[in-house]
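> whatever this is, show me its structure:
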Amino acid sequence: MRAITWHGKKDVRVDTVPDPEIVNPRDAIIEISSTAICGSDLHLYDGVIPGMRTGDILGHEFMGEVVEVGTGNKKLRKGQRVVVPFVIACGSCFFCEKQQYSACDNSNPADKADISHAAYGHHISGFFGYSHLTGGYAGGQAEYVRVPYSDVGPVVVPEDLEDEEALFLSDILPTGWMAAENCEIEEGDTVAVWGCGPVGLFAIQSALLMGAAQVIAIDHYPNRLELARGLGARIVNYKNTDVYEALMEMTGGIGPDAAIDAVGMESHGFAPDNIYDYAKQTLMLQSDRAHALRQALYAVRKGGRVSVPGAYGGFVDKFPVGAFMQKGLTIRTGQTHVQKYIPRLLDMIREGRIDTTFLISHRLPLEEGPEGYRKFAFEQNETTKVVLKPGMTRSNGL
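Numbering: from 1, shown residues only. This is a model prediction of the structure:
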């Protein structure tokens, strides 16, 4: 089959690789109909996530048709169209029983789990297409994919929904929703969102649905800011505005009640701390650039809540622990418990309460995946979301 594979920093290719096979009785094989490039895939593209190996198949946002089912799977059957959570979860361990699926104890193979245990103090769960820290599983930017524990993760998509209405249930829509939920939004709250990429935009949409009185979107790409405005957010362009002063002015000097860092480990900008981070990251003395998180901690009101859906991978310097403690802040973060949120969000999509298609900027065949990565990395104003179609033979220009 054909698949997008990782070959090093800013080097992804479409290669011919072996077709996946059933390995365990609970497996299923999915023929991919739609897959997407995630913002966190760019961390792999930029070479800042450890544990990647040449030839690894990328992609953790995908859906398609069930073409083979293991003998132990009593949930799925051939011919069903399903969307697959990026988190691989067994469904029965201590954490899965608590619906903390992204902390699953069983989905990361023992030989891989030791790596993340050393890095984080506990091993983390398995994810599709995302480094050997998360199990080294082949991803879904391919014609086919093996889905472990497929009696837990995949959700059958109703016939009345198009792929693009359901595809983002695999990751970014539940991630945006959980980011807003972690803010514990109360009536009258102001929520500030750093980053208007796909997760940030879904966090904005989710926060407003949860009752936020005001959402403030912070970015510097005009097109992304306009998408945020279209959702109902007030916007701040950090290139021509002092973010802290703007937030104080927009909140009567109090600060936002909650803040969402939807940027993560590769924050942009020419702030002194970010230049410092960039230099240390380049010299491999530090793994992450955390300017957006620092700014959120300084700007959020005393007693406020900070939610961090943006991906961080290792260590960061100059963390404002004093502001965190003295202001009495709460931080909630973590990879998304996708399986927990899909049923509710699927209903909201069918009811027309959530739009999932507005951010798609490019639809490309799988063979043009490397160009999709290039656009998403270097043309971020024009490229908000790239959807890849293995069955598409040529680009339609969108």
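
> domains of this protein?
As given by automatic domain parsing, the domain ranges for the chain are 2-171+336-389, 175-333.

> pLDDT of the first one, averaged?
To tie it back to what came earlier, the one meant is domain 2-171+336-389. Per-region confidence: domain 2-171+336-389 scores 95 on mean pLDDT.

> so how far is Leu225 from the nearest residue to Thr134 once chain neighbours are set aside?
With CB to CB, 6 or more residues apart in numbering as the criterion, Thr134 has its nearest non-adjacent residue at 4.0 Å, and that residue is Phe127. (C-beta placed from N, C-alpha, C; glycine too.) With distances defined as CB to CB, to the nearest Å, the gap from Phe127 to Leu225 amounts to 30 Å.

> comparing these two, which residue is more hemmed in?
For Phe127 versus Leu225, the count of surrounding residues by other CB atoms under 10 Å is larger for Phe127: 24 against 19.

> looks to me like that one is in a strand.
Yes. Going by DSSP: H, G, I helix; E, B strand; the rest coil, the assignment for Phe127 places it inside a strand.

> okay, and the beta partners of it?
Val87 (DSSP bridges).

> ok, now which ones touch it?
When contacts are counted by CB atoms under 8 Å, 6 or more residues apart in numbering, Phe127 is found next to His60, Phe86, Val87, Ile88, Thr134, Gly135, Tyr137, Gln335.

> could you check how many residues crowd around the first one?
The one in question is His60. Look at His60: counted by other CB under 10 Å, it has 27 neighbours.

> one more: the fifth one?
As a burial measure, Thr134 scores 28 neighbours (other CB under 10 Å).

> correct me, but it touches Tyr120?
No. In this structure Thr134 lies outside contact range of Tyr120 using CB atoms under 8 Å: 11.2 Å.

> helices along the chain, start to end?
Read by DSSP state H, the chain holds these helices, from start to end of the chain: 41-45, 94-97, 110-120, 163-166, 172-181, 198-209, 222-231, 243-250, 272-282, 291-299, 321-326, 338-350, 369-378.

> starting at the chain centroid, how far to the third one?
Just to be clear, that refers to helix 110-120. Between the centre of helix 110-120 and the centre of its host chain there is 21 Å, according to CA atoms, centre = their mean, to the nearest Å.

> can you check the second one too?
In this view, helix 94-97 has its centroid 22 Å away from the chain centroid, taken as CA atoms, centre = their mean.

> how about the fourth one?
Centroid separation for helix 163-166 versus its chain: 16 Å, with CA atoms, centre = their mean.

> what residues does it touch?
For helix 163-166, the surrounding residues in contact (CB under 8 Å, 6+ apart) are Ser33, Ser34, Met63, Val83, Val157, Leu346, Ile349, Thr356, Thr357, Ile360, Val387.

> who wins on neighbours among the residues you listed?
Neighbour counts for those, by other CB under 10 Å, peak at Val83, which reaches 27 neighbours.

> the nearest residue to that one once chain neighbours are set aside bridge partners, please.
Excluding the flanking residues, the one nearest Val83 by CB to CB, 6+ apart is Met63, at 4.1 Å. Counting by DSSP bridges, Met63 is bridged to Ser34, Val83.

> how much space separates Asp41 from Gly135?
In this structure, Asp41 and Gly135 are 16 Å apart, going by CB to CB.

> try Asp189
In terms of CB to CB, Asp189 sits 37 Å off from Gly135.

> do Ala207 as well
Relative to Gly135, and taking CB to CB, Ala207 is found at 32 Å.
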